[in-house]
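S.K.: Any chance you can model this:
(2 chains)
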Amino acid sequence: MLEFFPAFLKAFLVGGLLCAIGQLLIDFTKFTPARILTGYVVTGVFLGGIGLYPKLVEFAGAGASVPLLGFGNLLAKGVRDAIDQQGFLGIFTGGFTAAAGGIAAALFFSLLAALLFKPKEKN
Amino acid sequence: MELTPQTYSQLVKEASPPSPHAKNISMAFFIGGGICVLGQAFIYLYMGLGVPKETASGMASITLVLLAVILTGLNTYDRIAKVAGAGTLVPITGFANSMSAAALDFKSEGFILGLGAKMFIIAGPVIVYGISASILYGFVYWLLGQL
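M.R.: Residues are numbered from 1 along each chain as shown, chains lettered A, B, ... in the order given. Next up, the predicted model:
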């Protein structure tokens, strides 16, 4: 278990820092949650595109891939891989291909949850 | 005294109770970091089962999504989010929570235009701008490849 400790520590520090930046934005800019999420994904596409974010993922693992910046990075990687394989068409297929797992899972589990659970009481 | 926007915001600042920024930010740090550690643990778990690293990372994210949706259904996620702020918003679990919470809340407005449509009230813009940004990037990447 001890051999995993450095990786866990890096995931904790980098992931925590990326969340703390989000909290700074909420506290000091009045950004809504929707804007923060959208901004993180778009920024992740940019940081992934210029090749910076893959290095952070290499360093911090889930600390970089779990925050939504990592989702943006995944979109950029998907587009890059798809263009390498399919050429021009990949511009349009790569993003959704890479994002498919996360979006489909969130969508389907949310539907199941809405069927299984009762909505919370409004007070 | 003349009330300019500057003096007004100064007055608002003085009248507002001191907001616990330091506490908010450290809670976001610890809980957000904790969620990422959990993600890392799932990556190692799946790699231990023989799954390649990148697939393991994707599976770990989907596992976190599932956990977030279950906790949302149990109304636990919202309770943690009240304390964690961006710590539960910024990770992929926050994206999953935005969909499942909306699905639950708007079920009463019907399955099509309630649950089905409102599920995307936050996830929709994330997908629209995320995919569009990826297409712009892809176009630049493709162009550079033509040189």
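S.K.: Which residue lies nearest the spatial centre of chain B?
M.R.: Nearest to the mean C-alpha position of chain B, by C-alpha atoms, centre = their mean, lies residue B:94 at 3.0 Å.
S.K.: So, low pLDDT: which residues of the chain?
M.R.: Picking chain A for this. Residues of chain A that meet the criterion pLDDT under 70 lie in A:1, A:121-123.
S.K.: meant chain B actually
M.R.: For chain B (pLDDT under 70), the answer is B:1-2, B:13, B:15-19.
S.K.: Only the buried residues of the longest helix anywhere in chain A, if you could.
M.R.: Criterion DSSP state H: the longest helix present in chain A is helix A:90-116. Neighbour-count burial for helix A:90-116 flags A:90-96, A:98-99, A:101-103, A:105-107, A:109-114 (criterion: 16 or more other C-beta atoms under 10 Å in any protein chain shown). Every residue, glycine included, has its C-beta placed from N, CA and C.
S.K.: Next: stretch B:86-104.
M.R.: Those would be B:86-104, for stretch B:86-104 by 16+ other C-beta under 10 Å.
S.K.: For chain B, see how far away residue A:10 is.
M.R.: 9 Å (C-beta to the nearest C-beta, to the nearest Å).
S.K.: and that residue, what element?
M.R.: helix A:5-29 (DSSP states H and E).
S.K.: so which of the buried residues of helix A:90-116 are also by chain B?
M.R.: Near chain B, taking C-beta under 8 Å from any C-beta of the partner chain as the test, the members of the buried residues of helix A:90-116 found are A:90-92, A:94-96, A:99, A:101-103, A:105-107, A:109-114.
S.K.: what about residue 118, neighbour count?
M.R.: You didn't pick a chain, so chain A it is. Residues near residue A:118, counting by other C-beta atoms under 10 Å in any protein chain shown, number 10.
S.K.: my question was about chain B
M.R.: Residue B:118, neighbours per other C-beta under 10 Å, totals 20.
S.K.: so who does the closest residue to it other than its chain neighbours touch?
M.R.: The shortest distance from residue B:118 to any non-neighbouring residue, by C-beta to C-beta, 6 or more residues apart in numbering or on different chains, is to residue B:106 (3.7 Å). Counting by C-beta atoms under 8 Å, 6 or more residues apart in numbering or on different chains, residue B:106 makes contact with B:114-115, B:117-119.
S.K.: how close does residue B:106 get to residue A:119?
M.R.: 9 Å (C-beta to C-beta, to the nearest Å).
S.K.: Ok, residue B:60 next?
M.R.: 29 Å.
S.K.: Compare these two and say which is more crowded by neighbours.
M.R.: Per other C-beta under 10 Å, whichever of residue B:60 and residue A:119 has more neighbours is residue B:60, with 26 against 15.
S.K.: Please verify my assumption that that one contacts residue B:46.
M.R.: Yes - judged on C-beta atoms under 8 Å, residue B:60 makes contact with residue B:46 at a distance of 6.4 Å.
S.K.: And the helices in chain B, which stretches?
M.R.: Under the criterion DSSP H, chain B contains helices at B:5-15, B:21-48, B:53-73, B:76-84, B:86-89, B:92-105, B:117-118, B:120-146.
S.K.: Deepest-packed of those helices, please.
M.R.: Mean neighbours per residue, mean count of other C-beta atoms under 10 Å in any protein chain shown, is largest over those for helix B:86-89, with a mean of 29.
S.K.: That one near chain A at all?
M.R.: Yes - Helix B:86-89 reaches chain A (C-beta under 8 Å from any C-beta) through B:86-87, B:89.
S.K.: what's residue B:141 in contact with, if anything?
M.R.: A:49, A:79-80, A:83, A:91.
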